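J.: need a structure here:
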Amino acid sequence: MFEVMSASFEGDFKRTDKESQISDVQRTHGIKMMKGINNIVINLDNAGQLRDNIRLLASDHIDKGITAHDIKMGLEILQGLIHESLGEMYDVMTAEAWRQCSNIICTILDAEMVSSSSA
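T.: I've put the predicted structure just below:
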C-alpha cells in the first residue's frame with residue numbers, strides 16, 4: 001500500500017519492479033503517516049487535541065514545501081486504497097466518513113499553514 005502511495009505522489013506508475021521496491025525511508029514515513037492519521041481520527045471529537053495534532057502535522061511539512069493541497073491529495077489516494085482494500089465493505093457511509101474526516105483535517109491544516117507562513 002505504501003509503495004502505491006509513494007508512486008502516486010510522484011505521479012510515476014511506469015517504473016520497473018526493481019525501481020518500485022519500497023525503501024526504508026518510504027516505509028518509515030508510511031508508518032509515521034498512518035500513526036498520525038490514527039491520532040487525528042481518534043481525536044476528531046476532541047477539538048484541542050485535534051488542533052494540536054494538526055499543528056504538528058503542519059509544522060512537520062511546511063518547511064519542506066509540502067502544502068495542505070499536497071496532503072489532501074495524499075488523503076484522497078489513501079481513501080482510494082482503502083476502497084480498493086475493503087471492496088464491497090466500502091460503502092457510501094464509509095466514503096462519506098472519510099470525506100468528512102479529510103475535509104476537517106485539510107481545513108484546519110490549511111489555516112495552520114497560512115498562519116505559520118505569515119508569522
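J.: how close does the residue most central in space within the chain sit to Thr67?
T.: Closest residue to the average C-alpha location of the chain: Leu75 at 4.0 Å, with Cα atoms, centre = their mean. According to Cβ to Cβ, to the nearest Å, Leu75 and Thr67 sit 13 Å apart. The way it works is simple: take the backbone N, C-alpha and C, and place the C-beta from them, glycine included.
J.: Tell me the confidence at Asp12?
T.: Per-residue confidence (pLDDT) for Asp12: 43.
J.: mind listing what's buried in whichever helix or strand the residue nearest to the centre of the chain is part of?
T.: Using DSSP states H and E, Leu75 maps to helix 68-86. Using 16 or more other Cβ atoms under 10 Å as the test for burial, helix 68-86 gives Ala68, Ile71, Lys72, Gly74, Leu75, Ile77, Leu78, Gln79.
J.: circling back: can you pull the contacts of the residue nearest to the centre of the chain?
T.: Neighbouring residues of Leu75 by Cβ atoms under 8 Å, 6 or more residues apart in numbering: Ile37, Ser102, Ile105, Cys106.
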